[in-house]
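> after the sequence you'll find the predicted model.
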Amino acid sequence: MELQGWAEIVLTLAVTVGLAWPLGIYLARVWQGERTWLDPVLKPVERVLYSACGVKPEKGQGWLAYAFSMLAFSIASFAVLYLILRFQNVLPLNPQAFAGLSPDLAFNTAISFVTNTNWQSYVPETTVSTFSQMAGLTSHNFLSAAAGIAMAAAVARAFAANRAETLGDFWVDLTRISLYVLLPFSLVIALAYVALGEPQTLLAHVTAHTVEGAQQTIALFPTASQEAIKQFGTNGGGVFNANSAHPFENPNPITNLIEIVSMNVLSYACVVAFGRIVLARREARALVAVMALFILGASSAIYATETQRAPALVAAHADASVNMEGKEVRFGAPSTAAWAAATTGASDGGVNAMHDSFMPLGGGVAMFMIQLGEMLPGGVGSGLYGMVVMALIAVFVAGLMVGRTPEYLGKKIEAREIKYAMLAVLILPLAILGFTAVAAVLPLALKGLANPGAHGLSEILYAYSSATGNNGSAFAGLSANTPWWNATLGVAMLLGRFAYAIPVLALAGSLAAKPKLAATTGTFPTDGPLFIGLLIGVILIMGGLQFFPALALGPIVEHFQALQAIAAH
């Protein structure tokens, strides 16, 4: 570990949080339908879309209608993407002549991109055509991200409302977020990537001649445009199998920094926008502080573990000062640590190193970040409402301690709200641990493991954590392109997205109908160190109590096995 490495981690986090503030202010204007600098260009487009789709912007929706619209949109998106993937062999822009995907793989992939997970059970550059990448996967990177941010906007309106019956209109939110936020910023980021060396072409490949005189075929795709929304929308699915460890997706340290910042900045910005709409800016800063502290802590822990001696190198009597297995020498341990914490804390899932090659505790920290609920800072939109759910549980615990009805941001938190909150948070352990328990004893599932013992269990646990948390990263030792894994991981993704979002929307509807109360001398402050500490404690205790036994059988026991191997040499 070096001072330069620590400085790189801190600088990356500081730049991300710093850029989130102006972006959050702009995002708040978009959520509220206020005028923006893009109105002269996009307002006519917005009106045409509303007119064509029969949307009335002035008419709001209750939480049931909002949830139904979100589900209907997601079902339609799944159907369209499934058909594109199944029949890509007869669709245009398939210069590679790829066949259509199998039913189970198309099912898994369609669910993956509709739920903002982007889990990939296939090698993209040898499986998915240019048309499928552009019209199918990239478009859903925009739409699934917009749907998540729309739900965050609904939650913000619920806290700002005073006895309201509506949360806004899902179709209006989806349209405005796509037009005014995701499209323009992704365009700028994509142009920056092209300038920095990422390819953007419809060619299938180029042929190169190596220094030995051999001929090499290099796959090409419209990479820069996919990469921009992949990170900005916390999607994570790469054009190439190596993801952002591939030089076409991430050619140099500058693109690497832009990608880390991109994958977190919009999630932080959602919290800033929430604070402005609810008129609770100090409370929003407290939530951002909790998110940033977790990212800093996870980055530090991974950096510390990945700069320790690797057992295999010790056994070979080689230089074992840093574990560089699975890492890009272009980026090294500090950037790898910052990226791993950011991607697992943000439900992004893109990687610039192989998490399967981390030291046991390094991989365990990445896994634990997903299991904490993907709210640190979480996916775009989903991170905000996940953190709000935890904040409600925290003030409920505080209320039990002092014998008062808990309040948060002017809303009384009663039994109904806590029931909705617990319905949301319980889905993660039920899906993750339930599927893991079955897969760990089922011979059909165990065939996909590349490693036995503790590391094999970690591969299973990481896969279901990633799917349920809508993250998408993986321990690459698991061969997941089989009917069992494609089906069960697909179901886990559905549960992680919709079984969480629907109780949250019900919670928002309940809060919107409540009166907005002024703070009194007896109101528990939710903007200071005491609340920050309480919120961190609630997140850690819930995550620790639910997942520590499973982690103890996976990465923790593997860590002690590694120590024993080092001691033996």
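In hand now; what should we look at? Numbers count the residues shown, from 1 in each chain.

> the stretch 251-400 of the chain: helices as residue ranges?
253-278, 281-306, 311-315, 332-345, 360-371, 382-402 (DSSP state H, counting those that start in this stretch).

> actually the stretch 101-250 of the chain, not the one I wrote
103-114, 130-131, 139-160, 170-177, 183-195, 223-232.

> tell me which of the ones you listed lies nearest to residue 387.
Closest to residue 387 of these, according to CB to CB: helix 139-160, at 10.0 Å. Backbone N, C-alpha and C define where each C-beta goes, glycine included.

> okay, and for the stretch 201-350 of the chain, where does confidence drop off?
Applying pLDDT under 70 to the stretch 201-350 of the chain flags residues 319-320.

> distance of residue 94 relative to residue 200?
18 Å (CB to CB, to the nearest Å).

> then the helix or strand of the chain at the bottom of the mean pLDDT ranking to PDB, C-alphas only?
Lowest mean confidence among the helices and strands of the chain (mean pLDDT, DSSP states H and E): helix 311-315, at a mean of 72. Output in PDB follows, covering the C-alpha atoms of helix 311-315 (Å, rounded to 0.1, in the frame of the first residue of the first chain):
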ATOM      1  CA  PRO A 311      -0.500 -17.900  -1.200                       C
ATOM      2  CA  ALA A 312       0.300 -19.300  -4.600                       C
ATOM      3  CA  LEU A 313       3.100 -16.800  -5.100                       C
ATOM      4  CA  VAL A 314       4.500 -17.400  -1.700                       C
ATOM      5  CA  ALA A 315       4.500 -21.200  -2.400                       C
END
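
> can you tell me which helix in the protein is longest?
Of all the elements of type helix in the chain, the one with the most residues (DSSP state H) is helix 3-31.

> state the mean pLDDT of that one.
For helix 3-31, mean pLDDT is 96.

> and it, what's buried?
Using 16 or more other CB atoms under 10 Å as the test for burial, helix 3-31 gives 5, 8-9, 12-13, 15-17, 19-20, 23-24, 26-31.

> just stretch 169-178 next, same as before
Quick answer for stretch 169-178 (16+ other CB under 10 Å): 169, 170, 171, 172, 173, 174, 175, 176, 177, 178.

> what's the closest of the residues you listed to residue 98?
If you rank the buried residues of stretch 169-178 by distance to residue 98 using CB to CB, residue 178 comes first, at 28.2 Å.

> what's the local residue count around the closest residue to that closest one other than its chain neighbours?
Leaving aside its sequence neighbours, residue 178 sits nearest to residue 146 (CB to CB, 6 or more residues apart in numbering; 4.6 Å). Neighbour count for residue 146, taken as other CB atoms under 10 Å: 24.

> now residue 177. Nearest residue, chain neighbours left out?
residue 146 (4.4 Å).

> coming back round to it: alpha carbons of the helix or strand following the longest helix of the chain, as PDB, please.
Sequence order places helix 39-53 as the next helix or strand after helix 3-31, per DSSP states H and E. Extracted in PDB, the C-alpha atoms of helix 39-53 (Å, rounded to 0.1, in the frame of the first residue of the first chain):
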ATOM      1  CA  ASP A  39     -36.200  22.900 -23.400                       C
ATOM      2  CA  PRO A  40     -35.900  24.700 -26.700                       C
ATOM      3  CA  VAL A  41     -34.700  21.500 -28.400                       C
ATOM      4  CA  LEU A  42     -36.500  18.800 -26.400                       C
ATOM      5  CA  LYS A  43     -39.800  20.300 -25.300                       C
ATOM      6  CA  PRO A  44     -41.400  19.900 -28.800                       C
ATOM      7  CA  VAL A  45     -40.200  16.300 -28.900                       C
ATOM      8  CA  GLU A  46     -41.600  15.700 -25.400                       C
ATOM      9  CA  ARG A  47     -45.000  17.100 -26.500                       C
ATOM     10  CA  VAL A  48     -45.100  14.900 -29.600                       C
ATOM     11  CA  LEU A  49     -44.400  11.800 -27.500                       C
ATOM     12  CA  TYR A  50     -47.200  12.600 -25.100                       C
ATOM     13  CA  SER A  51     -49.600  13.300 -27.900                       C
ATOM     14  CA  ALA A  52     -48.700  10.100 -29.700                       C
ATOM     15  CA  CYS A  53     -49.000   7.900 -26.600                       C
END
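
> buried residues in helix 39-53?
42, 46, 49, 50.

> check contacts around residue 523.
Neighbouring residues of residue 523 by CB atoms under 8 Å, 6 or more residues apart in numbering: residue 407.

> retrieve the pLDDT associated with it.
pLDDT recorded at residue 523 is 84.

> that one and residue 402, how far apart?
Distance, residue 523 to residue 402, by CB to CB: 11 Å.

> swap in residue 431?
34 Å.

> let me know the closest of the buried residues of stretch 169-178 to residue 368.
Nearest to residue 368 among the buried residues of stretch 169-178 is residue 177, at 30.4 Å by CB to CB.

> please report phi then psi for the residue nearest the centre of the chain.
When CA atoms, centre = their mean is applied to the chain, the residue found nearest the centroid is residue 347 (1.6 Å). Residue 347 adopts backbone torsions of phi 50, psi 30, taken as degrees, to the nearest 10.

> could I get the contacting residues of residue 93?
129, 130, 131, 134, 135, 202.

> for it, helix, strand, or coil?
Classification of residue 93 using DSSP: H, G, I helix; E, B strand; the rest coil returns coil.

> and for the nearest residue to residue 357 once chain neighbours are set aside, the neighbour number?
Nearest residue to residue 357, sequence neighbours excluded (CB to CB, 6+ apart): residue 326, at 2.6 Å. Here the count is done by other CB under 10 Å, and residue 326 has 16 residues near it.

> same thing with the one 3 residues further on?
Neighbourhood size, residue 329 [other CB under 10 Å]: 6.

> then the one 3 residues further on?
Using other CB under 10 Å, residue 332 is surrounded by 20 other residues.

> correct me, but residue 412 touches residue 406?
Yes. Here residue 412 reaches residue 406: they are 7.5 Å apart, a contact under CB atoms under 8 Å.

> just to revisit the earlier point, go through the helices of the stretch 101-250 of the chain and find the least confident stretch.
helix 130-131 (a mean of 92).

> from the contact counts, what lies against that helix?
On a contact count with 3 or more CB pairs under 8 Å, 6 or more residues apart in numbering; DSSP states H and E, helix 130-131 meets no helix or strand.

> check the offset of it from the chain's centre.
Taking the mean of its C-alpha atoms, helix 130-131 sits 24 Å from the chain's own mean (CA atoms, centre = their mean, to the nearest Å).

> restricting to C-alpha, output stretch 472-483 in CSV.
Output of stretch 472-483 as CSV, limited to C-alpha atoms (Å, rounded to 0.1, in the frame of the first residue of the first chain):
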residue,chain,number,x,y,z
GLY,A,472,-24.6,-8.2,-12.7
SER,A,473,-20.9,-8.8,-11.8
ALA,A,474,-19.8,-12.4,-11.1
PHE,A,475,-17.1,-14.7,-9.8
ALA,A,476,-16.1,-15.9,-13.3
GLY,A,477,-15.4,-19.5,-12.2
LEU,A,478,-19.1,-20.2,-12.4
SER,A,479,-20.3,-21.5,-15.8
ALA,A,480,-23.8,-20.1,-15.7
ASN,A,481,-25.1,-20.6,-19.3
THR,A,482,-27.2,-23.7,-18.5
PRO,A,483,-31.0,-24.0,-18.1
